[in-house]
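In: sequence and computational prediction follow.
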Amino acid sequence: MRDHLKKDATKFLQSNGLRMAYEEFGDPADPAILLVAGLYNQLVRWPLKFCELLVANGFRVIRFDNRDIGLTDKMDGVRAPSFFRLALKHYLRIPISAPYSLDDMADDTVGVLDALNIQQAHIVGMSMGGMISQLVTAKYPHRILSLTSIMSTSGERGKGVASAKVSAAMLQPVTKKRSALDNAVNIWQLIGSPAYPMSDDDVRTLIKAEHKRSSNPAGYMRQIAAIRTAPGRAKLLRAITAPVLIIHGNQDLLVPVSGGIDTAKHIAHAQLELFEGMGHTLPAELLPRFVELIVANTQKVQL
């Protein structure tokens with residue numbers, strides 16, 4: 001849990017009109033890897049061990065808080081559509097608007113590079129961060145050297161859709177007998193990696209540390225709306241020419257493996273790596289292998 005206990009590591013920059021929080025590791029002269037976090041995930045969801053392993057392989061590593069999460073600016077005062085309205089859009093194709101889009105978040109991400117004067121970088125995104133990273137790679141090909149998309153999806157209809165059990169758990173209300181922390185622990189364990197389990201106490205410690213750093217439940221719904229209102233990315237994916245690595249767990253219940261498989265289907269040269277026993281987490285035991293694969297993907301760049 002060291003990355004949740006680090007002090008005074010967070011810095012701030014201006015990106016796309018927002019004050020955004022970030023941390024960086026390694027030599028600024030080394031090639032940059034930008035880490036893009038997932039839905040309602042603060043930058044600390046990227047394990048410190050993962051960042052250190054990348055640094056040991058000769059990279060400058062940057063992790064940051066997306067808009068509406070962590071210590072980055074919040075979109076206060078703007079309400080997101082309800083789950084009911086989002087469901088109507090999904091099943092009945094009824095158009096609705098969201099406070100912001102995944103494209104806006106992609107522009108935020110490029111703005112981080114601009115603010116740090118990084119002309120080109122490798123990009124690694126998990127879950128929603130994978131969706132954002134796909135957009136950045138497709139829309140700004142001159143800025144991205146390689147893409148790694150972890151436990152994410154193409155956005156195409158019917159691919160990478162959460163199971164009914166997970167969807168129900170994410171809608172579980174807070175009651176006198178069941179706190180928000182209880183719900184968060186339950187969801188974590190539900191979508192976790194069965195071959196690499198965490199105890200309830202360890203999950204509680206992690207979630208409580210994140211909550212102490214920042215809490216913005218309204219941002220969760222706005223980020224959900226950005227995901228649910230985003231169009232499929234198949235056409236954009238087919239245009240990507242940078243080296244692409246796709247990592248996914250076979251036991252992922254939040255973004256099932258069909259999402260990773262479909263993403264690879266639209267990128268002819270993509271390398272797809274599936275992990276047995278992995279759910280929607282980054283197991284500590286797998287981090288060295290992830291880094292090995294990511295480093296090998298960066299080495300495919302034609303300079």
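Out: Received it, and whenever you're ready, just let me know what you need.
In: residue 236 - how many residues pack around it?
Out: 17 (other C-beta atoms under 10 Å). To be clear about C-beta, it is placed using only N, CA and C from the backbone, and glycine gets the same treatment.
In: got the contact list for it?
Out: Counting by C-beta atoms under 8 Å, 6 or more residues apart in numbering, residue 236 makes contact with 134, 135, 138, 139.
In: for stretch 26-34, which positions count as buried?
Out: Neighbour counts using 16 or more other C-beta atoms under 10 Å place 26, 31, 32, 33, 34 of stretch 26-34 among the buried residues.
In: average pLDDT for that stretch, rounded please.
Out: For stretch 26-34, the mean pLDDT works out to 97.
In: again, but for stretch 238-252
Out: The average pLDDT for stretch 238-252 rounds to 98.
In: that older thread, looking at the buried residues of stretch 26-34, which is nearest residue 16?
Out: Distance to residue 16 across the buried residues of stretch 26-34 (C-beta to C-beta) is lowest for residue 34, with 14.6 Å.
In: I'd say that closest one and residue 123 touch.
Out: Yes. Here residue 34 lies in contact with residue 123, judged by C-beta atoms under 8 Å, at a distance of 5.0 Å.
In: anything in contact with each of the two?
Out: Contact with both residue 34 and residue 123 is made by residues residue 109, according to C-beta under 8 Å, 6+ apart.
In: among the contacts of residue 236, who's most crowded?
Out: Comparing the contacts of residue 236 by number of neighbours (other C-beta under 10 Å), residue 134 comes first, having 30 neighbours.
In: that one sits in which helix or strand?
Out: helix 128-139 (DSSP states H and E).
In: same deal with residue 262?
Out: Per DSSP H and E: residue 262 is located in helix 258-265.
In: residue 227 now?
Out: Taking DSSP H and E as the definition, one finds residue 227 inside helix 217-228.
In: packing partners for that helix?
Out: Contact partners of helix 217-228 among helices and strands, from 3 or more C-beta pairs under 8 Å, 6 or more residues apart in numbering; DSSP states H and E: helix 83-92, helix 102-115, helix 128-139.
In: now do that helix and helix 102-115, the angle between them.
Out: Relative orientation of helix 217-228 and helix 102-115, computed by axes from the mean of the first three to the mean of the last three C-alpha atoms, to 10 degrees: 110 degrees.
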